[in-house]
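> no FASTA, just this:
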């Protein structure tokens with residue numbers, strides 16, 4: 001991580017081919033942050049977009065990080081976390097499906113816990129995405145014991161102390177489950193609050209692509225194996241091999 005506490009709040013926006021959304025998302029973030037009276041920064045992580053996302057973001061009041069290739073959602077978040085200078089780090093997607101005016105409520109909740117997690121009251125995605133999400137939630141709860149009602153909701157605030165203790169390796173959609181699993185194992189507290197969700201107006205969703213799903217499943221299996229090794233290792237008597 002970078003210098004501790006240079007700003008009070010970092011806003012991380014991962015983006016892949018969001019030319020139609022990135023300017024409006026950043027402008028909304030600026031409008032919400034200004035009345036809060038906090039020192040803050042906005043970080044856009046362009047994950048190898050093939051459209052004008054990076055060009056547009058370069059003209060906005062943000063710190064821009066560009067991946068030369070599309071590395072994945074988890075990789076984009078990890079780059080944003082590594083660059084963030086805030087005592088608290090908030091992230092959301094750049095697709096305008098979340099209402100940034102609800103950030104102050106999440107910020108207030110984060111004063112009571114190490115991680116504040118939004119959950120979508122009504123998920124405004126196509127049916128197949130909702131079904132995929134339900135199946136994923138069951139899998140993660142069963143394999144990783146993460147009792148969060150909306151694991152992949154992209155509306156979270158994480159205290160820097162958490163990011164300094166976890167070791168994230170996911171490059172794909174597993175990043176949320178990995179973060180919450182390690183935070184739970186480390187004894188960090190989580191609070192959940194309801195948030196609004198809206199249909200995507202422009203751009204294309206990529207989370208339901210077969211390659212994305214397969215990568216998430218592969219990473220989930222690997223993470224489950226790692227968690228089991230840690231668990232059994234911690235149960236060994238001192239001096240055993």
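Yes, it's here. Note that this is a predicted model, so its numbers are computed, not measured.
> could you pull out the helices for the chain?
Secondary structure of the chain by DSSP state H: the helices cover 22-33, 53-58, 73-83, 103-109, 127-144, 160-163, 175-185, 210-235.
> nearest to residue 46, of these?
helix 53-58 (4.2 Å; CB to CB). The way it works is simple: take the backbone N, C-alpha and C, and place the C-beta from them, glycine included.
> tell me what that closest one is packed against?
Other helices and strands packing on helix 53-58, by 3 or more CB pairs under 8 Å, 6 or more residues apart in numbering; DSSP states H and E, are helix 22-33, strand 40-47, strand 63-67.
> Need the residues that contact it.
Contact partners of helix 53-58, identified using CB atoms under 8 Å, 6 or more residues apart in numbering, comprise 15, 16, 17, 18, 19, 22, 23, 26, 44, 46, 64, 66.
> Buried residues of that helix, list them for me.
Across helix 53-58, burial judged by 16 or more other CB atoms under 10 Å covers 53, 54, 56, 57.
> want to throw the helices of the chain into JSON lines with mean pLDDT and distance to residue 201?
Below are the helices of the chain laid out as JSON lines (pLDDT from 0 to 100; distance: least, CB to CB, whole Å):
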{"stretch": "helix 22-33", "mean pLDDT": "98", "distance to residue 201": "9"}
{"stretch": "helix 53-58", "mean pLDDT": "98", "distance to residue 201": "16"}
{"stretch": "helix 73-83", "mean pLDDT": "97", "distance to residue 201": "20"}
{"stretch": "helix 103-109", "mean pLDDT": "98", "distance to residue 201": "20"}
{"stretch": "helix 127-144", "mean pLDDT": "76", "distance to residue 201": "16"}
{"stretch": "helix 160-163", "mean pLDDT": "98", "distance to residue 201": "31"}
{"stretch": "helix 175-185", "mean pLDDT": "93", "distance to residue 201": "24"}
{"stretch": "helix 210-235", "mean pLDDT": "64", "distance to residue 201": "21"}
